[in-house]
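S.K.: sequence unknown, structure follows:
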């Protein structure tokens, strides 16, 4: 676990990474059904895509309505989670307790 926490803290220093922790106290949330990734591209002409990976396959969602639902879920997660600075403080505190 120490190595994982150290890696997360290192990643949080990268300019293209935003790391936020959602506390257990937050309870159930809309992303509990499974992991997903939102792919955004530097070329503004390319639309956002949602990537879902399952045990036996992977799915890319590109219909605007489907992507919008995942963007809404991601926004809720960001709002409910600790801000990046607090996340770093929390992970540092946990790391120091190990």
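M.R.: That came through fine. This one's a predicted model, so the numbers in the text were calculated from it and none came from an experiment.

S.K.: Just give me the longest helix of the chain.
M.R.: For the chain, the longest helix by residue count, based on DSSP state H, is helix 64-80.

S.K.: Helices along the chain, start to end?
M.R.: With DSSP H as the criterion, the chain has helices at 2-12, 64-80, 84-97.

S.K.: okay, those helices in CSV with mean pLDDT, mean neighbour count and distance to residue 30 next?
M.R.: From N, CA and C alone the C-beta is placed, and that goes for glycine too. Shown next, in CSV, are those (pLDDT from 0 to 100; neighbours: other Cβ atoms under 10 Å; distance: least, Cβ to Cβ, whole Å):
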stretch, mean pLDDT, mean neighbour count, distance to residue 30
helix 2-12, 96, 12, 23
helix 64-80, 95, 13, 5
helix 84-97, 95, 13, 20
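
S.K.: Determine which of the ones you listed approaches residue 22 most closely.
M.R.: Shortest separation from residue 22 across the helices of the chain is recorded for helix 64-80, at 6.0 Å, computed as Cβ to Cβ.

S.K.: what sits up against that closest one?
M.R.: Applying Cβ atoms under 8 Å, 6 or more residues apart in numbering, the set of residues contacting helix 64-80 from outside is 20, 22, 26, 29-31, 36, 38, 47-50, 61.
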